[in-house]
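Everything below, folded, please.
(2 chains)
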Amino acid sequence: MRTTITLLAIILLSLTTLAQTKYEKGMRKAFDLWEANEAMEAANIFERIAQAETNNWLPPYYAAQVNVFASFSEKDEAKLIPQLKKAQDLVNDAKAISKDNAEILVLEAQLLTAWIVYDGQKYGMKYSGKISELYTKAAQVAPDNPRVVLGKAEWDMGAAKWFGKSTEPYCDDVKRAIELFATFTPEGEFHPKGGLDHAQEVLAENCNK
Amino acid sequence: MLRSIHLVVLVITLFFFGIVTAQETISGVVLQKNGTPIFGANVYLEGTYDGASTDEEGKFSFTTEEKGIQTLVISYVTYEPFMMAADVSQLSDLKLTLKEDFNSLDTVVISAGSLEASDNSKVSVLKPLDVVTTASALGDFVGALQTLPGTTTVAEDGRLFVRGGDAGETQIFIDGIRVFSPYTPTANNTPTRGRYSPFLFDGITFSTGGYSAEYGQALSSVLLLNTIDEPDQEKTEIALMTLGGGIGNTQKWEKSSLSVNTSYINLAPYVAAFPNRNDFEKPFESISGETVFRRQFDTGIFKLYAAFDTTNFELTQEDINLAEGVNFKLKNNNFYTNASYQGDLGRTWKLQTGGSFTSSNTNLGIIDDNINNTENSFHFKLKLKKRFSNQIKLSFGAEQFLTDFTEDFDNQSVSASYGYNNNISAAFAETDVIFTKKFALKAGVRGEYSELFEQFTVSPRASIAYKTGKNSQLSVAYGDFYQQPTQDILKFQQNLEAQKTQHYILNYQYVANNRIFRAEAYRKQYDNLITFDTEFAGFESNYTNNGDGFAQGIDFFWRDNETIRNMDYWVSYSLLDTERLYQNYPTTATPSFANTHNLSVVTKYWVEDWKSQLGFSYQFGSGRTYTNPNNPGFLQEKTKDFNNLSFNWAYLIDQQKILYFSVNNVLGFSNVNGYQYASTADANGNFNRRALLPATDQFFFVGFFWTISEDGSDNQLDKL
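Next up is the predicted model:
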């Protein structure tokens, strides 16, 4: 009889984990698709998870991220503007769930950068101050987050380049970000952890000259 | 015992697989209205993990363990979200058509009459930056608007003259609330500027006709300025200029922010270094301060704006009839405050409300006459908006204007006090209907009651827009507009009626690829204009509402930011034909503030290596009319053409510092604004004349701007 109870307990437990796995399964599938260059399909899954898991900031965060990254290469205004607006809605959803989250602040800064990349003359004035502020706030919340350090360094480098100044002063920040990536432990399986490759690219392109 | 365990396992396993196999398949196809499949749409059951994306043929299929009534959701950018509640068993082989989102970029917009400076790429002709980077504008938003079609260059005035209308026919609104005295007072031949800092606004709509029923008391044009909702960061700004200096600070908190700006302008050093045609006893001096407080709420935003400025100067100007010239002194104190709230009321209702109060005191001395006047004005407005769907919107509201004006006049022989109270109540309603992405209508009506005139007026307004191609559209607009006579008349005579115009506008617009082309033809009919029978308006004049007139013409605008790398330019041309009978005109004539041809060319070129923006702006205006008493007729002759080429150079020293240099009238054209004739003929029976020249032909400006932000990384791009 005791075994029966144990067995029942195990099965019940596995049933509850099954419900949890749904989230994990979904997230894993989305990440796989994203890696396989099916970004929009991945975004759709993140969005579906976001509307089912209303207390988790990660699904809207990733859904927004897919849209933001796709926007950097989008040239068609009629598609780009709704895409960025959608990303902003998703960022707002994530912010409503998790306040003062450095990862979301960095994503929002990247989102606004996408507007400037699209039309610097029109959006440069509007967003450059706001972006600086987002990075400053992110650095206050999580000074040792490698994505915060990298994002801020990249933004400062962009500004320095634009003004014809040396990007060298920010190389130390990029190096520091690379070191931080090495020791960074994400809070969970699906928490943001990427960016090391990009940091090395930035370093190779702008430093050691 | 063991057997029973096996049994339990079996039962449970069966039960478990039972759930898994008790699935429903949800499938179908998602199409556009014309039958084209939509690829990549997100299809799912609301609140569940179950869903899929559509394939190239618009097909989707997924399974669910959900039972009973569920909501199927389909979402895809640029389309309206689709929702359908049904039993899961019925959600197979569906054929669903998504409706286009009418808020999306390629929907037709009503563009007749209105020119925007905003981020709204559908209608915007100027970018917010242009206001401060146009060479001839010298940082004045009104100056930048004078490079747009539909405006007339009246160089000695500086205010907006739109399509044959005088400057008083344009009204200015901040956040939907009326500004009663928007311009800084100046001497006779010196152009004025807008009182308010261009950095406070992030959206400007300049309507040269046919505007919404929400706005009244403007015969020709409205200028709508929207203040920034949230400043980007905490900062201190310092400006040092050849004419003075300024300092500003912005503080931000969780949900609110406060900006304070002060500036001091003194022309004395400049006038000493570059003497001009005016003989200053006391050069122009002005102290101003403005502050904006903003507070965000969960469903709305509150803004409080307040500005104070004091101006004074004294000078002697040449006059043909007085050898010693005319002594003119002025002291003006102006206070303006504006509070507004915008918020959601739920169920797609929106509320916009606000009020403004202006108190303006002017002390004028002209030779021996002293005039002291005070205007206190109040405006309150409440507006509600209801969105029935993305296709049908309704807005309606009411507003109240109160004006109390008093004036004291005295000289050696006369002393008088007079004034008036002018209260106007108004109500308006307007609806926007988007029939299809190609065809939209806006129709409204406005009613106004004037307590002073005991007169009720009704003004219908309507416009429609039709998309003629992917990037082009046609709009037409019609409207009736009423406006009371200005202060200069009302202070002497209140037994009058409102003046009236009717606008007919046809607009064509082509927008593609960073290029904009607009052409707009219009006809404006004036009625009930005020006339009087003396040289100057006064108590002894006889006033009537019998004046009338017309203005017609065509305006062109072309902007191109694409063809030449790093270069942005625009060209505006306006053709105007206008005549009117008003004021003390003995006959119908073209007024001296209107001319036939106006051309503006503005270019901005970014030089990467110099970290500099170089800007040129050229303005041409054909001659304006004046009366030559040596010949028969009235306003029968024209001055020579007006030409001006301005240049500016903005150099970015680093992220935080910018050096700005500009010259007005680089080529030194000598422009003539008109002529003043002697009141009596000389011995030969000839009336002598004096040319009305600008105070100075050329004007230099050097400024240094420094922004200090918390993180040291804010940049001066916004000053560019």
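
Residue A:173 belongs to a strand, doesn't it?
No: in this structure, residue A:173 is helix, not part of a strand, as judged by DSSP: H, G, I helix; E, B strand; the rest coil.

quick one: it and residue A:152 touch, right?
Yes: counting by C-beta atoms under 8 Å, residue A:152 is a contact partner of residue A:173 at 7.0 Å. From N, CA and C alone the C-beta is placed, and that goes for glycine too.

Pick out whichever of the two has more residues nearby.
Each of residue A:173 and residue A:152 has its neighbours counted (other C-beta atoms under 10 Å in any protein chain shown); residue A:152 has more, 24 against 18.

in what helix or strand does the nearest residue to the more buried one once chain neighbours are set aside lie?
Computed as C-beta to C-beta, 6 or more residues apart in numbering or on different chains, the closest residue to residue A:152 that is not its neighbour in sequence is residue A:135, at 4.2 Å. Using DSSP states H and E, the element containing residue A:135 is helix A:120-141.

Just the buried residues of that helix, please?
Using 16 or more other C-beta atoms under 10 Å in any protein chain shown as the test for burial, helix A:120-141 gives A:121-129, A:131-139.

Run a quick neighbour tally on the residue of chain B found nearest chain A.
For chain B, the residue closest to chain A is residue B:232, as judged by C-beta to the nearest C-beta, at 3.1 Å. Using other C-beta under 10 Å, residue B:232 has 23 neighbouring residues.

Please apply the same query to residue B:216.
24.

quick check: domain ranges of chain A?
A:1-119, A:144-209 (automatic domain parsing).

May I see those domains organised as JSON lines, with distance to residue B:249 added?
Formatted as JSON lines, the domains of chain A follow (distance: least, C-beta to C-beta, whole Å):
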{"stretch": "domain A:1-119", "distance to residue B:249": "24"}
{"stretch": "domain A:144-209", "distance to residue B:249": "23"}
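
could the ones you listed go into CSV alongside mean pLDDT?
Converted to CSV, those look like this (pLDDT from 0 to 100):
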stretch, mean pLDDT
domain A:1-119, 82
domain A:144-209, 83
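
Which one of the ones you listed lies nearest to residue B:283?
Residue B:283 sits nearest to domain A:144-209 of all these, at 37.7 Å, using C-beta to C-beta.

Give me the distance from that closest one to the chain's centre.
Chain-centre distance of domain A:144-209: 14 Å, with C-alpha atoms, centre = their mean, to the nearest Å.

got it, and stretch B:192-203?
With C-alpha atoms, centre = their mean, you get 10 Å for stretch B:192-203.

tell me which residues in it are buried?
Neighbour-count burial for stretch B:192-203 [16+ other C-beta under 10 Å]: B:192-203.

quick one: what helix or strand has residue B:464 in it?
strand B:455-467.

Skip ahead from that strand and say which helix or strand is next.
Heading C-terminal from strand B:455-467 (DSSP H and E), you reach strand B:472-483.

Quick one: mean pLDDT for that following strand?
For strand B:472-483, the mean pLDDT works out to 92.

That one vs strand B:455-467, what angle?
Strand B:472-483 runs at 170 degrees relative to strand B:455-467, counting by axes from the mean of the first three to the mean of the last three C-alpha atoms, to 10 degrees.

Which elements pack onto strand B:472-483?
Counting contacts by 3 or more C-beta pairs under 8 Å, 6 or more residues apart in numbering or on different chains; DSSP states H and E, strand B:472-483 is packed against strand B:455-467, strand B:499-512.

just the CA coordinates of the shortest one, formatted as CSV?
Taking Å, rounded to 0.1, in the frame of the first residue of the first chain, the C-alpha atoms of strand B:455-467 are listed here in CSV:
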residue,chain,number,x,y,z
GLN,B,455,-24.8,86.9,-32.0
PHE,B,456,-24.9,83.1,-32.6
THR,B,457,-22.9,81.6,-35.4
VAL,B,458,-22.8,78.1,-36.9
SER,B,459,-19.8,76.9,-38.9
PRO,B,460,-20.0,73.6,-40.7
ARG,B,461,-16.7,72.0,-41.7
ALA,B,462,-16.0,68.9,-43.8
SER,B,463,-13.2,67.2,-45.6
ILE,B,464,-12.7,64.0,-47.5
ALA,B,465,-9.6,62.2,-48.7
TYR,B,466,-9.1,59.6,-51.4
LYS,B,467,-6.0,57.6,-52.1
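
List the buried residues for that strand?
Residues B:457, B:459, B:461-467 are the ones in strand B:455-467 that count as buried (16+ other C-beta under 10 Å).

do stretch B:410-423 as well
Neighbour-count burial for stretch B:410-423, counted by 16+ other C-beta under 10 Å, picks out B:419-420, B:422.

ok, for residue B:251, nearest residue in space, not its chain neighbours?
That would be residue B:258: by C-beta to C-beta, 6+ apart, it lies 5.1 Å from residue B:251.

Just the CA atoms of stretch B:505-523, as CSV, please.
What follows is stretch B:505-523, C-alpha atoms only, in CSV (Å, rounded to 0.1, in the frame of the first residue of the first chain):
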residue,chain,number,x,y,z
ILE,B,505,-9.4,73.6,-50.7
LEU,B,506,-8.2,70.9,-53.1
ASN,B,507,-5.0,69.1,-52.1
TYR,B,508,-2.8,66.6,-53.8
GLN,B,509,0.0,64.9,-51.9
TYR,B,510,2.7,62.4,-52.9
VAL,B,511,4.9,60.9,-50.3
ALA,B,512,7.5,58.2,-51.0
ASN,B,513,11.1,57.4,-50.2
ASN,B,514,12.0,60.5,-48.1
ARG,B,515,10.4,62.8,-50.7
ILE,B,516,7.2,64.8,-50.4
PHE,B,517,5.3,66.7,-53.0
ARG,B,518,2.2,68.7,-52.2
ALA,B,519,0.1,70.9,-54.3
GLU,B,520,-2.9,72.8,-52.9
ALA,B,521,-5.3,75.1,-54.6
TYR,B,522,-7.7,77.2,-52.6
ARG,B,523,-10.3,79.9,-52.7
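
next one: that stretch to chain centre, how far?
Distance, centroid of stretch B:505-523 to centroid of chain: 18 Å (C-alpha atoms, centre = their mean).

Tell me the buried residues in it?
By neighbour count on 16+ other C-beta under 10 Å, the buried set for stretch B:505-523 is B:505, B:507-511, B:514, B:516-520, B:522-523.

ok, now stretch B:482-493?
Buried-residue list, stretch B:482-493, by 16+ other C-beta under 10 Å: B:482-485, B:487, B:489-493.

Quick one: the helices in chain A, in order.
For chain A, the helices defined by DSSP state H cover A:2-35, A:39-52, A:58-71, A:77-97, A:102-118, A:120-141, A:146-162, A:171-183, A:196-206.

wait, which of those helices is closest to residue B:474?
Across the helices of chain A, closest to residue B:474 is helix A:77-97 (C-beta to C-beta), at 20.3 Å.

That closest one: how far from the chain's middle?
13 Å.

Out of the domains of chain A, which gets nearest to residue B:305?
domain A:1-119 (25.9 Å).

ok so, going back, so which elements touch the helix holding residue A:135?
In terms of contacts (3+ C-beta pairs under 8 Å, 6+ apart), helix A:120-141 is packed against helix A:102-118, helix A:146-162.
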